[in-house]
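> I'll drop the sequence and a predicted model, then ask my questions.
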2 protein chains.
Amino acid sequence: MTNQPKPAELLVCVKCRHQEEIPEDEARPGEVLYNALNNTSVPPAIKVTPVECLSNCSQGCTIALRGAERWSYVYGNLDAAEHLDVILEGASRYQATTDGLVPWRERPEHFRKNCIARIPPLEVQDV
Amino acid sequence: MTNQPKPAELLVCVKCRHQEEIPEDEARPGEVLYNALNNTSVPPAIKVTPVECLSNCSQGCTIALRGAERWSYVYGNLDAAEHLDVILEGASRYQATTDGLVPWRERPEHFRKNCIARIPPLEVQDV
């Protein structure tokens, strides 16, 4: 059991407007995405966390995958109506690693094409 | 002393080609930026760390500011010949906070216009 990957966290920007004008009384696309994820079968080792603005507003909706001792990844151009399966697949592959590094070919296509940035774990080795 | 902000880390993507073709025997723009920063007076509370690819290749050169219990920020479109002062000013303001949140108006203009993404600290509170 000790070698099993640790849980990972899936951050969802719930303030995202998806580059649209959203009336004040309507749920924003980011909140819709967060709620949709919560209504799916997210693996228990993945914690879905709502956050306010991941600062990728021009390419929202936006999620981030992160966890202790892992590389963090930010992905954009997501839509609740289209990308729930992509997010769940990508998050599951990420959680299944110990360092967050999923081989390129094993990433969902949307993740390959819409990676906004990544940040190494705090314990990064100098290159 | 206990309330002083902790040291912060300035990550520099040393593999960045700055969207250009770079001959194999020439230093890449990311490495040039890293070397230039190391030749300036970086405050001792800021550790400059070279990293391989922050996955912001279409908007390089790229840096990230991060630290324990802080928001991490990724900034792009940087150039060693133009932006050393901007990076040092922005990094110093970042380091002077305890949580990484520099008020908008206090950020250098280039940082305001070229923030690629941010990620909350691992200890983030749910919104």
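Received the coordinates, thanks. Residues are numbered from 1 along each chain as shown, chains lettered A, B, ... in the order given.

> Run through chain A and note the low-pLDDT ranges.
A:1-3, A:123-127 (pLDDT under 70).

> For it, just list every one of the helices.
A:29-38, A:80-95, A:109-113 (DSSP state H).

> among these, which is the most enclosed?
helix A:29-38 (a mean of 20; mean count of other CB atoms under 10 Å in any protein chain shown). Heads up, the C-betas are built off the backbone N, CA and C, glycines and all.

> Determine the set of other helices and strands touching it.
Packed against helix A:29-38 by the contact rule (3 or more CB pairs under 8 Å, 6 or more residues apart in numbering or on different chains; DSSP states H and E) you find strand A:8-13, strand A:46-51, helix A:80-95.

> of all the ones you listed, which lies closest to chain B?
In terms of CB to the nearest CB, the element of the helices and strands packed on helix A:29-38 nearest to chain B is strand A:46-51, at 5.2 Å.

> still on that earlier bit, next, format the helices and strands packed on helix A:29-38 as JSON lines and append distance to B:N39.
JSON lines is the format used below for the helices and strands packed on helix A:29-38 (distance: least, CB to CB, whole Å):
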{"stretch": "strand A:8-13", "distance to B:N39": "36"}
{"stretch": "strand A:46-51", "distance to B:N39": "37"}
{"stretch": "helix A:80-95", "distance to B:N39": "37"}
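
> where does chain A come near chain B, residue by residue?
With the criterion set to CB under 8 Å from any CB of the partner chain, chain A comes near chain B through A:11, A:14, A:49-56, A:62, A:64, A:66, A:68, A:72-74, A:115-120, A:122, A:124, A:126-127.
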